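>>> model the structure of this input:
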Amino acid sequence: MLTRLRIQGFKSWSDTGDIKLGKLTGFFGPNSSGKTSLLQFLLMLKQTVESSDRSRVLHTGDANSYVDLGTFYDIIHKHQVPGELKFDFGWIAGLNKRGDRDKVEFSATITGERKQVTLSSLFFDFNLDAIGLKRENHKQLVYSRGEELGGFELDNEPWFRHFENDWAEDQTDPINTFKFYGLSRGFFPISRSADAEFVYELESLFNNTYYLGPLREYPGRLYSWAGERPADVGRRGERTVEALLAADVQHDGKLKDPDTGKAHTVTQHVAYWLKRLGLIHSFKLKPIAKNRKEYEVKVKQSPGATEVALTDVGFGISQVLPVLTLCFYAPAGSTIIFEQPEIHLHPAVQAGLADVFLDAIKQRGIQIILESHSEHLLHRLQLRIAEEEVSTEDIRLYFAQANDGESKLTELDLDEYGNIRNWPKGFFGDEIGDLMKMTQAEVKRKMAARQG
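A predicted model of the protein is given here:
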């Protein structure tokens, strides 16, 4: 789970400042305010981790990537090349040998021109465990090209420093970098246990990060599944039905009906939420015939209605289906990035998504990071805070806005009753102003009618 993020020199962000991330983190704001760029940055790191090209410091994207950001020139702030991109983030890693969870910190500085991109420095730190106590085997890894980093003055040649307890070793042998987070000598990664541990934890973080974009596939009448288990539902939700079928084969009984506590398969849990959101009465996946790999999705809109194909009901159902599925299909403890999960949905369903997310956080221990324009989703989160269904420590909400190409981020200050104490001007437009103008227009028209 990511706990914090800071980015300097990326697109419209000169400096995001330190962004605290919760179990659910929401970014709101007008179009072109920079909020989507925050998600794009994380996706850029993910596709770099997953790239087969170890020499590529940053994979800014292509047609097959999560996000295609162009070249370094396109992503650097104000297109200033040569330019410098700095970022740091923290996360809670997996269980260590003592059964605790480590807090890990990472930072990097990347310099680049239009085509040449270089890792200038990196810093890893296994600093604190999850309850804030200093670890006895505190570890750090520091790399820099002749710059001062982390309090250590390094020479002009690339140096590598590895600290474990109070023991330190300086290596002056030539060191290469791979991607934005790794070190190697020649073609081989440095393989000492601590170094491998750093790399493993960072790669695990992004390998367990999943993404669903705002543009989702249209529903189909038939779906083919031969037994494979997809990693996720696809960037456009195109593998949603495959994921549901695969999950039900490996049903572990860990999902529970929020009302009765009865064990659910993923499909049953998705069907529960589709019904609770008021979209349909029932939802089923079934093969078109025995021993066939083609499946169809059948739904009923009301108890007495005829069962019909997903293509024959409202478009919004097919658009929300990947959102629900990913929430309960993704591995426990993973991070899910949603871009406009509420798209094509009725306001009441947008509000209900907040309850879906809170259920997924509770039952699956996942983290959700989303970008949204929905005031209905926000207001439902505020309500659940007031009802003590979720803590303000678990919910982090931000408002992004841009002025002259510079994006700024404001954390919304939520009190224990869900009230926002620093509500930004024009957050969701000027609703009160529009109501006043409507009243004024009504009075003006009535006066004109009387005088006429």
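
>>> the closest residue to residue 297 other than its chain neighbours and residue 356, how far apart?
Once flanking residues are discounted, residue 297 sits nearest to residue 310: 4.1 Å by Cβ to Cβ, 6 or more residues apart in numbering. For glycine as for every other residue, the C-beta is placed from the backbone atoms N, C-alpha and C. Distance from residue 310 to residue 356, counting by Cβ to Cβ, to the nearest Å: 19 Å.

>>> could I get the contacting residues of residue 220?
By Cβ atoms under 8 Å, 6 or more residues apart in numbering, the contact list for residue 220 reads 310, 311.

>>> which strand residues bridge the spatially most central residue of the chain?
Centroid-nearest residue in the chain, with Cα atoms, centre = their mean: residue 337, separated by 2.4 Å. Going by DSSP bridges, residue 337 is paired in beta bridges with residue 211, residue 369.

>>> thinking it is in contact with residue 212, fair?
Yes: using Cβ atoms under 8 Å, residue 337 makes contact with residue 212 at a distance of 7.5 Å.

>>> quick revisit: ok, the residue nearest to the centre of the chain - contacts?
Residue 337 touches 39, 42, 43, 209, 210, 211, 212, 369, 370, counting by Cβ under 8 Å, 6+ apart.

>>> neighbour count, pLDDT and distance to residue 119 for the residues you listed - can I get that in CSV?
Shown next, in CSV, are those (neighbours: other Cβ atoms under 10 Å; pLDDT from 0 to 100; distance: Cβ to Cβ, whole Å):
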residue, neighbour count, pLDDT, distance to residue 119
39, 20, 98, 23
42, 21, 98, 18
43, 22, 98, 19
209, 22, 98, 21
210, 21, 98, 26
211, 22, 98, 24
212, 25, 97, 30
369, 24, 98, 25
370, 24, 98, 30
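
>>> so where is the stretch 351-452 of the chain shaky, pLDDT-wise?
Of all residues in the stretch 351-452 of the chain, those with pLDDT under 70 make up the ranges 429-438, 452.

>>> equivalent analysis for the stretch 101-250 of the chain, please.
101, 127-141, 144-176, 184-195.

>>> where along it do the helices fall?
Here the stretch 101-250 of the chain has its helices, by DSSP state H, counting those that start in this stretch, at 193-207, 240-249.

>>> can you put these in a markdown table and add mean neighbour count and distance to residue 182?
Below are the helices of the stretch 101-250 of the chain laid out as a markdown table (neighbours: other Cβ atoms under 10 Å; distance: least, Cβ to Cβ, whole Å):
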| stretch | mean neighbour count | distance to residue 182 |
| --- | --- | --- |
| helix 193-207 | 17 | 6 |
| helix 240-249 | 21 | 31 |
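
>>> now those helices as TSV including distance to residue 25?
As requested, those are exported to TSV (distance: least, Cβ to Cβ, whole Å):
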stretch	distance to residue 25
helix 193-207	15
helix 240-249	24
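
>>> related to what we said a few turns ago, of all the contacts of residue 337, which comes closest to residue 284?
Distance to residue 284 across the contacts of residue 337 (Cβ to Cβ) is lowest for residue 212, with 22.9 Å.

>>> tell me who's in contact with the closest one.
232, 233, 235, 237, 322, 323, 326, 336, 337, 338, 339, 341.

>>> go on, residue 254?
Contacts of residue 254 by Cβ under 8 Å, 6+ apart are 263, 332, 363.

>>> SS state for the second one?
Under the three-state scheme (DSSP: H, G, I helix; E, B strand; the rest coil), the conformation of residue 332 reads as coil.

>>> for it, which residues are in contact?
Contacts of residue 332 by Cβ under 8 Å, 6+ apart are 254, 364, 365, 366.

>>> now, of the residues you listed, which are buried?
Buried by 16 or more other Cβ atoms under 10 Å: 364, 366, out of these.

>>> of the contacts of residue 332, which is the nearest to residue 279?
residue 364 (21.4 Å).

>>> once you drop chain neighbours, what's closest to the closest one?
residue 332 (5.1 Å).

>>> could I get the phi/psi values of that neighbour?
phi -60, psi 140 (degrees, to the nearest 10).

>>> quick one: which of the contacts of residue 212 is nearest residue 400?
For the contacts of residue 212, the nearest to residue 400 is residue 339 (13.7 Å; Cβ to Cβ).

>>> what's near enough to touch the closest one?
The contact partners of residue 339, taken as Cβ under 8 Å, 6+ apart, are 36, 39, 211, 212, 213, 214, 370, 371.

>>> farthest-separated two in those?
Between any two of these (Cβ to Cβ), the greatest distance is 13.7 Å, for 36 and 212.
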